[in-house]
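Peer 1: prediction below, plus the sequence it came from.
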Amino acid sequence: AQKVTQAQTEISVVEKEDVTLDCVYETRDTTYYLFWYKQPPSGELVFLIRRNSFDEQNEISGRYSWNFQKSTSSFNFTITASQVVDSAVYFCALSEARNTDKLIFGTGTRLQVFP
Amino acid sequence: GAVVSQHPSRVICKSGTSVKIECRSLDFQATTMFWYRQFPKQSLMLMATSNEGSKATYEQGVEKDKFLINHASLTLSTLTVTSAHPEDSSFYICSARVLVGLAGGPDYEQYFGPGTRLTVT
């Protein structure tokens, strides 16, 4: 069965700290996609990244970086030098190749960045 | 980029009434749209897949007669919550499927609307 686990419910950091949000997934498919979305207080989901299961290269985009490790079924997200504007709920999600339309979301991690 | 809008952003209705939520793709055509539900401090759960010109496909446990979905055009899907009750109060989010590539087969992404907060009193 497919499942996404975000064990950290809430994280609080002070501005400029680095923070890592964990994501562990379960799937029986060999081909799948992993996503991260940001949901600020306004509610809309902001797409951050999509990674397919064949691409284990880590990715960096500005202050954001992602670490994909198939060996541990993890797709962790790190924000470097956090800012108050990073405060939001972050969701990790999975979709399988046989039904790429169905996004399975984790329960989300609420990140609060204090000035 | 692909923009999806929802209307209304917030709605309060009385128990027993019906409320309609619209999901529009603003700068592209979407043959497939999705409806999600999010309870406070919880994750998003897929309710149904809305296909233009055909019946929606509902996820297990979602009542078809309670959550009516109509996808009458390539840019509009509507979700009607019929005979709403307080337990239907939730954040409803739609998304639209966008073709982003064809190499090795069609490759799609979902773009999400801003959500509609429904409160049933």
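Peer 2: Alright, I've got the coordinates.

Peer 1: what's the mean pLDDT across stretch A:3-17?
Peer 2: Average pLDDT, stretch A:3-17: 96.

Peer 1: show residues contacting it.
Peer 2: Contacting residues not belonging to stretch A:3-17 are listed as A:19, A:21-27, A:81-84, A:90-94, A:104-115 [CB atoms under 8 Å, 6 or more residues apart in numbering or on different chains]. Any C-beta I mention is one placed from the backbone N, CA and C, and that applies to glycine too.

Peer 1: report the entries of the residues you listed that also contact chain B.
Peer 2: Filtering those for proximity to chain B by CB under 8 Å from any CB of the partner chain leaves A:Phe91, A:Phe105, A:Gly106, A:Thr107, A:Gly108, A:Arg110.

Peer 1: can you get me a residue count around the first one?
Peer 2: For A:Phe91, the count of nearby residues is 25 (other CB atoms under 10 Å in any protein chain shown).

Peer 1: tell me the strands beside the helix or strand hosting B:Arg37, with direction?
Peer 2: For B:Arg37, the element it lies in under DSSP states H and E is strand B:32-38. The pairing partners recorded for strand B:32-38 under DSSP bridges are strand B:44-51 (antiparallel), strand B:90-101 (antiparallel).

Peer 1: hmm, back to that, and the two most separated of the ones next to chain B among the contacts of stretch A:3-17?
Peer 2: The span of these, defined through CB to CB, is set by A:Phe105 and A:Arg110 at 14.1 Å.

Peer 1: which of those two has more residues huddled nearby?
Peer 2: More crowded of A:Phe105 and A:Arg110, by other CB under 10 Å: A:Phe105, with 21 against 15.

Peer 1: tell me the bridge partners for that one.
Peer 2: Taking DSSP bridges as the rule, A:Phe105 bridges to A:Ala93.

Peer 1: around chain A, which positions in chain B sit nearby?
Peer 2: By CB under 8 Å from any CB, the residues of chain B that approach chain A are B:32, B:34, B:41-46, B:49, B:91, B:93, B:95, B:97, B:107-115, B:117.
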